[in-house]
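Peer 1: could you work out the structure for the sequence below:
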Amino acid sequence: EETGGGSGDSATEDPFTSLEVPSDIIEELKLYIRRRLAPQPIKIRADVEVSCFTYDGIDAIREALFAGIAVGTDNSPIK
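Peer 2: Now for the predicted structure:
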């Protein structure tokens with residue numbers, strides 16, 4: 001039988017229950033905090049210089065670049 005006293009499971013506890021603040025303000029504060037803690041997407045751009053000295057030339061470069069695009073995911077697309 002677990003009573004939860006000091007178990008360290010603070011993820012399920014609501015720290016706002018002890019405050020004497022109207023519930024609409026608490027909900028607005030929670031929304032603001034949730035928005036600020038959300039991960040912010042960033043874009044990374046790079047110029048890449050490629051060269052191929054074999055007979056395949058441009059076709060080999062093109063194939064390599066498309067292989068790189070194919071490795072991209074929905075969370076980390078490569079264009």
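Peer 1: now Gly68: how far from Glu20?
Peer 2: In this view, Gly68 and Glu20 are 57 Å apart by CB to CB, to the nearest Å. All C-beta spots, glycine's among them, are computed from the backbone N, C-alpha and C.
Peer 1: more neighbours, the two?
Peer 2: Gly68 (12 against 4; other CB atoms under 10 Å).
Peer 1: tell me the secondary structure at the residue of the chain most remote from its centre.
Peer 2: For the chain, the residue at maximal distance from the C-alpha centroid (CA atoms, centre = their mean) is Tyr55, at 41.7 Å. Under DSSP: H, G, I helix; E, B strand; the rest coil, the three-state class of Tyr55 is coil.
Peer 1: phi, psi of the residue nearest to Gly68 when sequence neighbours are not counted?
Peer 2: The spatial neighbour of Gly68 that comes closest, neighbours along the chain excluded (CB to CB, 6 or more residues apart in numbering), is Ile78 at 5.7 Å. Here is the backbone geometry of Ile78 (degrees, to the nearest 10): phi -120, psi 120.
Peer 1: contacting residues around Ile78?
Peer 2: Contact partners of Ile78, counting by CB atoms under 8 Å, 6 or more residues apart in numbering, are 68-69, 71-72.
Peer 1: from these, which is closest to Ile33?
Peer 2: Ile33 has its nearest neighbour among the contacts of Ile78 in Gly72, at 32.2 Å by CB to CB.
Peer 1: this completes my enquiry, with thanks.
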